[in-house]
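J.: just a sequence and a predicted model for now, questions to come.
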Amino acid sequence: MYTCVLAFQKRSPVFSYLNNAALIIQGVICLLFFISALISLYSFSLARPWQLRRSHRLTWIMVIFFLSDFFANIVLFGVQKEQFKDWCIGQSRQDTTYYLFTHMPYNSTFNQDTQLTFASKSPTSNLYNCTRLWEDEVKFACVLYVILFTLYVHFAFCFWRFTQERWSAYEAMLRLNMMPNEAMVPNNFSMTNNNTNTMMMNLAPKDRNKKTEEGQKSLAEMTRAFLQKTFTR
């Protein structure tokens, strides 16, 4: 958020001089990155798989955008070396003039109408240390880019891993909840019917069946004999 505020003020925390268009783009990307970070924190607090899945994708997109923009700014700053030197020399002369006209004891000697003559710009001279400042800022930007790349990519992978774990747990819970209860009843019923002990318990004893059959035959014979006796009389 700090980088975003500075970018909209046409300043940069890394570079002393950068194009206004590049600063505006950097400010917009940093603002979107900040919003996505808030959404990710909210998703962490909810720990819902769908919310985490959307948030981690958004985080990856913003990390890629931010790192790509930062790398482009480094390249742009390196290419615009001469523009940086012109800006640096002009800014140094302006600061020197302001200091001489406003601070003691120089303001008693110089006034607003005094014409100051500065040393001319030459490729071999580094009177204002602008070349050294440009080199230091390029080195600092490269080191900072490596640190931010490692940090943000590591955070994005951790976010992705946490999302995968939550999503796996969510899918496992869905598989358990989607098992129909009515499908479990026939299985239990078939297991009961296929159980040998249960089938043996449902079978009638052989001796009792035999006695029943013998009793039925005896009754039929007795009836036949009774009828024969009755009609033969």
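T.: Thanks, I have the structure now. Residues are numbered from 1 along each chain as shown.
J.: low-confidence ranges in the chain?
T.: Scanning the chain for pLDDT under 70 picks out 94-128, 179-233.
J.: ranges for the helices of it?
T.: Along the chain, the segments classed as helices by DSSP state H run 2-8, 20-46, 49-79, 81-102, 130-177, 181-194, 196-202, 206-232.
J.: distance of Arg132 relative to Gln9?
T.: Taking Cβ to Cβ, to the nearest Å as the measure, Arg132 falls 26 Å from Gln9. Heads up, the C-betas are built off the backbone N, CA and C, glycines and all.
J.: and Phe66, by the same measure?
T.: With Cβ to Cβ as the criterion, Phe66 and Gln9 are 19 Å apart.
J.: ok, Phe140 next?
T.: Distance, Phe140 to Gln9, using Cβ to Cβ: 20 Å.
J.: ok, now which ones touch Leu176?
T.: Under the criterion of Cβ atoms under 8 Å, 6 or more residues apart in numbering, Leu176 has no contact partners.
J.: show me what contacts Leu6?
T.: By Cβ under 8 Å, 6+ apart, the contact set of Leu6 is Ser12, Pro13, Gly27.
J.: ok, 10 Å please
T.: For Leu6, the contact set (Cβ atoms under 10 Å, 6 or more residues apart in numbering) comprises Ser12, Pro13, Val14, Leu23, Gln26, Gly27, Cys30.
J.: repeat that for Glu137.
T.: Shown in contact with Glu137 (Cβ under 10 Å, 6+ apart): Ser12, Val14, Phe15, Ser16, Tyr17, Ile74, Phe77, Gly78, Phe84.
J.: do Ser16 as well
T.: Here Ser16 is in contact with Phe77, Phe84, Trp87, Cys88, Gln91, Cys130, Leu133, Trp134, Asp136, Glu137 (Cβ under 10 Å, 6+ apart).
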